[in-house]
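Peer 1: Prediction below, plus the sequence it came from.
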Amino acid sequence: MKTRAFLAGAALVCASPALPADVPTTAEDVRPLLVGSAVPEVELPAADGGIVDLAAAARAQPTILIFYRGGW
């Protein structure tokens, strides 16, 4: 019983990062990056399975960054 409770708790802890973030519901709640703003220091998954350092990629060349908010 203790093992089952531990595994259930561990599964909840591991799944918590997958919870949806606070998504703005109105245009007034959106805080976009403005022209000339620094790119956030984040690492993102690449299509080939690797990792892309977003800030390093943006420093390498002039960059247009688009955040697409899917609603599906």
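Peer 2: Structure's in. What do you need? Numbering: from 1, shown residues only.
Peer 1: Around Leu54, how many other residues sit close by?
Peer 2: Leu54 has 15 neighbours, counted by other CB atoms under 10 Å. C-beta: built from backbone N, CA, C; applies to glycine.
Peer 1: The one 4 residues further on too?
Peer 2: The number of residues packed near Ala58 is 15, by other CB under 10 Å.
Peer 1: So it: helix, strand or coil?
Peer 2: Here Ala58 is recorded as helix under DSSP: H, G, I helix; E, B strand; the rest coil.
Peer 1: The closest residue to it other than its chain neighbours and Thr3, how far apart?
Peer 2: Leaving aside its sequence neighbours, Ala58 sits nearest to Val39 (CB to CB, 6 or more residues apart in numbering; 4.2 Å). Note on Val39: its distance to Thr3, by CB to CB, to the nearest Å, is 45 Å.
Peer 1: quick one: the residue nearest to Ala58 and Phe67 touch, right?
Peer 2: No. Val39 lies out of contact with Phe67 (CB atoms under 8 Å); the separation is 11.4 Å.
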